[in-house]
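Undergrad: Let's see this in three dimensions:
(2 chains, ligands or ions: 1)
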Amino acid sequence: MATVTPALQTESLRTLPGDPVRQIQWRFADRYDLQMLVQAVREVARGPVARLVAGGARQSHEWTPEKHALLEAFDASGITAAFLDVENGGYLEGPKNLALALIAFELAWVDAGAATASLAGCLALSPIHERGTPEQRAHYMKLCAPAAPGEDRKPWRGAFCLTEPLPYVGVDTGMLSGKVRIAEWKDGKEPLLQVEKRGRFITNMGFANFVTAAVDSGDQRISGSCVVILEETDPGIFDRGAVTRKLVHQLSSTSDPIFSLTVPASRIVGGYTVKDGCIVPNFSHSEIIEAVFRRTRVTVAIMTSAKLLSAVEPVVRYQRNRFRGAEQTTPGSVRHELGLQQREDALHRVVDLWAMGEASAALGFAAARAFDELDPLEKQKDAILAAEGINGGRAELKKLKSVWPAALEHLRRGSGIETPLVASRDVLEREAKQDALARYVLADAVAGVLCPAAKLWNTGLGANAMREALSLMGGYGITEDCPGFLAYKWMDAQLEATYEGPEAVQRRNLIVTMTHDLFLEQFRMWIPEMRKIASRRPGTGACELASAMRLWLWTYEHLRTATDAEGAKLYNSARQGVTFRLADALCWLLASRQQILDVMELDAKQAEAGDAEGTVAFLSDLCHVQAARAAGEAGRICAELVYGYNAHPSWDDPLHAGCFLSEELDAWESCAPGIAAYALDVLQPDGSHPEKAGPCAQCGENAGFQRLRNQLDLCLTGSQLAKDRAAKALAQVMIPAVPDYPR
Amino acid sequence: MNPLHIVVCGSVVPDPLQTLEPVTTAAGPELKNEMLLPAVLDPWAACSLYEAAHLAQLSSGSRVWLVCLGPKAKVQQAMMSLAQKAAFELVLLDGPAHGFADAHVTAEALAAAIAGLAGLDRTHLLLFGGWESASRGQGVTLQMVGERLGITDQFQGVDRIALGDDGSFEVIERVEGGKHLVSRCDGPPAVLGWATGERGEPRNDPQMGMKNMRVLLPALQKAAPVAVSAEGLKYEGVRVPTQQRQTRIVKDMSPEAIAQELLAWMQ
Ligand SMILES: Cc1cc2nc3c(=O)[nH]c(=O)nc-3n(C[C@H](O)[C@H](O)[C@H](O)COP(=O)(O)OP(=O)(O)OC[C@H]3O[C@@H](n4cnc5c(N)ncnc54)[C@H](O)[C@@H]3O)c2cc1C
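TA: Sure thing, here's the model as predicted:
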């Protein structure tokens, strides 16, 4: 049998991956603006933020002056203005998704609550940014821009208020109790609205100057729901409410506010039209929150990734130093040099943690970049549709669906849509528009999956992985003195998994977007892409992953039409036991794929990262470890779904009446060796069944699945060798002598 | 106040938090994995750069150059932070900056680059740098650059400079025994090797950084490689100072008694 021998690995990780490596992996090596932003945020995170945490600021629920000072540090270091467009006081050109993800990453490396405090301001502005009228956008963005040098002004800060006290809005965002009514509507004048809204767990409420609040119509003269902008000086009640006694993200401010305010109708986000004496908001609250969350959730996802990666250094330091200074541990001895790293399990668990962190960051940043790519395409799409008189709603869906065939064709050809060489201007223009729309629907299909996948997988599984990280620090792990603040990071991860939509919400989104034809078609094409990588770099686990992706596709296609033992359809949104779990499986695969792609990028640009050969070899091993784990998780879920809904056979099934006699099998074995292994259930000479737990299930029509699953298991080849290699590297890698925060 | 032309000599060193381990290679001693470790502008030189940027703001028409001999990739990374802290022009000589590079050869290359600076007026020249370096701290490079440029007014361990309206200035230098020496100088040119100065590290401001990068990027791209091999220089051996750790467990000792004991140990 021919075997591929991986190139001999002489080099491995020498130092922890530094900025040049990350810039290439996460694709901002050519963006000096972002590199500088990273440095600026890091200085704040590891300086003032870390000092606050170390000083015990997390012990209070209240919004204190010390915590408030962080906001000023954010303003001074460009964090606040990073969200804003240049014309409104910002300084970064183009889409900001990757920039905000990098901010979240750097802040959460130290404390995710600080990240929340900064990003909740963006969340408040997002409804206005995404769907506001040009006037609303210009007005509020400018108000929120930090003062320019020489300007005497305090920037405004906002809060986003959707969630309401029980029994209203939570996961189910349609359960609104907040109401908007018409307070006064004089002829020819702007109507005045009366807004009644109560919030639960609203971030930034301790200091917000304005709030974007979701409300439903409580008046026949207002149609549907909308988001309104409330200001602290509006007439009525602007009560910041009781402070939430939360145990997480203590550097952010959270409370349950109460609003009863009169505001002009011009505060409806995105404006309104008047139809038959009725105010019709241009966007419902659900349209707005969809546009907002699909971007802002990415930054939440990346917070947990940062924490996993941030845990590596403190854990390695703890392990190395564990026995130093003891009478029995002489310098130069194995115990002195390696400490706990003498133990295989201690190393393997750090490898697992690190591999998860890499995959998680890879997925999160890929999602951020997907939206950076999508944003200009979306603007183009809006302009094209507006020119055709289409402004959202069903007409837009219909129009976009009409370009699916062109988009699929585009994919199949693997190149840009070809415009005819000789064509009239009209035809060219039409083709160009078609091309723009096709690109949009393709990018949208991927972004629509990556965002919930990252939010779901990075945070939920990240929280579990953080628990593992703590356990590697022994008792210290669960104290406030734990270097790297790991215990706080673990607890905080649970909030990242909860706010902006808990895991159930992400799963609900995913089961829709992951089954979109345009996504599935792209996913199908990613399989040969992985195989191609595998043929060049088998050590990455890309082959394993490709097999797992095939298995997942097979499973989805099977489940779409399969029924359970009682004939009920398996794949439908109410059957969350099937659909949600298939979504979970997909996330593992997407994260692992992106991790491999990032390492391939680094491999291609090694020279730019300095002497990165060893880093590439190590990160490839982490890819392999992660791919094996991802394939294992996906394989297990798929197997449970494919087989688990069949009824277990019983001896009185007709199938078992015709079982072979054990004597017959013995006789056949002599002429067809191995045949006995295929017969799972046999009859004793007296016709009875053997004493065992019961008859064996057969794979029957699922033989295709069995073949793929077998292939998957075979593909695990080498994955544990990769883990051993990575573990060895971990025991040798140079780490800084002391932590670099608090500074 | 007269405009100043301040040339700051400074290069990158591994971030001081890193573990530094000398190793011997065919090319002589080096720090283990130095090219992979994060780098920062040498802290002493950085202090002088912040002082320079501050002084330049005080007198209009002033210019600040950072003349740096160091590995381009590392300097470029350091600029992502430095460009946000101060405004300056950069002249980069792409070469090794580690602590084992020969100070004479380094000084020669730096002096030649300074002599060739377009627009530099020596009558306004203040040559700044660190009085030593975090990479090894020989504390001689700046002095030699000054000598090669014929500047004989030299001050080392500077903590403050006060400019007079007539172009003269007063310098406060560290001398032994925790004391300072105050000198008055008629005017530039002069060499000032800075200790920590009084400015502190300015905080990062990406908006300023992006503006400065417009000037710095072309300079980074223009960086020319320089060879700084020193004929006949040979290191017999290099090592970091060894650490001592002696633990004694004592209960209920007052802070005063602990302080006394430490003092006795040091003496
Ligand atoms: C610290 C903090 C800050 C916050 N900041 C803000 C903010 O700034 N603005 C804001 O508007 N909100 C904010 N929230 C609210 C947050 O977004 C909600 O808590 C979250 O969306 C979940 O809503 P809920 O707590 O009502 O959970 P519920 O809706 O009660 O859901 C609880 C659980 O039930 C299950 N579940 C519910 N529905 C389904 C379903 N359809 N299918 C399957 N399972 C389901 C899931 O397991 C879910 O996690 C914040 C919350 C916290 C804790």
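
Undergrad: how about low-confidence regions in the stretch 601-743 of chain A?
TA: A:655-658, A:676-680, A:693-694, A:699-700 (pLDDT under 70).

Undergrad: For the stretch 151-300 of chain A, what lies in contact range of the ligand?
TA: Residues of the stretch 151-300 of chain A lying close to the ligand by C-beta under 6 Å from any ligand atom are A:F160, A:C161, A:L162, A:T163, A:G170, A:V171, A:F201, A:I202, A:T203, A:K246, A:H249, A:T254. Yep, even glycine has a C-beta here, placed from its N, CA and C like the rest.

Undergrad: Tell me which stretches of the stretch 151-300 of chain A form helices.
TA: Secondary structure of the stretch 151-300 of chain A (DSSP state H, counting those that start in this stretch): helices at A:285-321.

Undergrad: and the residue in it that chain B sits nearest to, how many neighbours?
TA: The stretch 151-300 of chain A approaches chain B most closely through A:E151 (13.5 Å), counting by C-beta to the nearest C-beta. Other residues near A:E151 come to 8 when the count uses other C-beta atoms under 10 Å in any protein chain shown.

Undergrad: With A:G635 instead?
TA: By the criterion of other C-beta under 10 Å, A:G635 has 24 neighbours.

Undergrad: now the helices: where do they sit in chain B?
TA: Secondary structure of chain B (DSSP state H): helices at B:43-58, B:72-82, B:103-115, B:141-148, B:206-222, B:255-266.

Undergrad: Please identify the buried residues of the shortest one?
TA: By 16 or more other C-beta atoms under 10 Å in any protein chain shown, the buried positions in helix B:141-148 come out as B:T141, B:L142, B:Q143, B:M144, B:V145, B:G146, B:R148.

Undergrad: just checking, the second one touches B:G193?
TA: Yes - if you go by C-beta atoms under 8 Å, B:L142 and B:G193 touch, sitting 4.7 Å apart.

Undergrad: Between these two, which contacts overlap?
TA: B:G129, B:G130, B:W131, B:Q156 (C-beta atoms under 8 Å, 6 or more residues apart in numbering or on different chains).

Undergrad: Show me what the second one bridges to in the sheet.
TA: Following DSSP bridges, B:G130 is listed with bridge partners B:W194.

Undergrad: That one: neighbour count?
TA: Close neighbours of B:G130, defined as other C-beta under 10 Å, add up to 29.

Undergrad: now B:R122
TA: B:R122 has 15 nearby residues by other C-beta under 10 Å.

Undergrad: neighbours around the closest residue to the ligand within the stretch 151-267 of chain B, how many?
TA: Here the stretch 151-267 of chain B gets closest to the ligand at one residue, B:P206, 26.4 Å apart by C-beta to the nearest ligand atom. Using other C-beta under 10 Å, B:P206 has 29 neighbouring residues.

Undergrad: Touching, it and A:A99? I think so.
TA: No - between B:P206 and A:A99 there is no contact under C-beta under 8 Å: 9.9 Å.

Undergrad: Can you work out which residues contact both of those two?
TA: Here B:P206 and A:A99 share the contacting residues A:D33, A:L37, A:A82, scored by C-beta under 8 Å, 6+ apart.

Undergrad: Show me the shaky parts of the chain.
TA: You didn't pick a chain, so chain A it is. A:1-10, A:415-424, A:655-658, A:676-680, A:693-694, A:699-700.

Undergrad: Chain B, not that one
TA: For chain B (pLDDT under 70), the answer is B:136, B:244-245.

Undergrad: What is the burial count for B:D159?
TA: 17.

Undergrad: scratch that, A:F160
TA: Using other C-beta under 10 Å, A:F160 has 28 other residues around it.

Undergrad: What of A:E358?
TA: By the criterion of other C-beta under 10 Å, A:E358 has 28 neighbours.

Undergrad: Please apply the same query to A:I222.
TA: 24.

Undergrad: Now do it against A:K275, distance only.
TA: 11 Å (C-beta to C-beta, to the nearest Å).

Undergrad: Kindly report the same for A:C638.
TA: Taken as C-beta to C-beta, the span from A:C638 to A:K275 is 50 Å.

Undergrad: The two: which is more packed in?
TA: More crowded of A:C638 and A:K275, by other C-beta under 10 Å: A:C638, with 26 against 9.

Undergrad: how far out from the middle of the chain is the helix or strand encompassing the more buried one?
TA: Element membership of A:C638 [criterion: DSSP states H and E] is helix A:613-644. Centroid displacement of helix A:613-644 relative to its chain, using C-alpha atoms, centre = their mean, to the nearest Å, is 18 Å.
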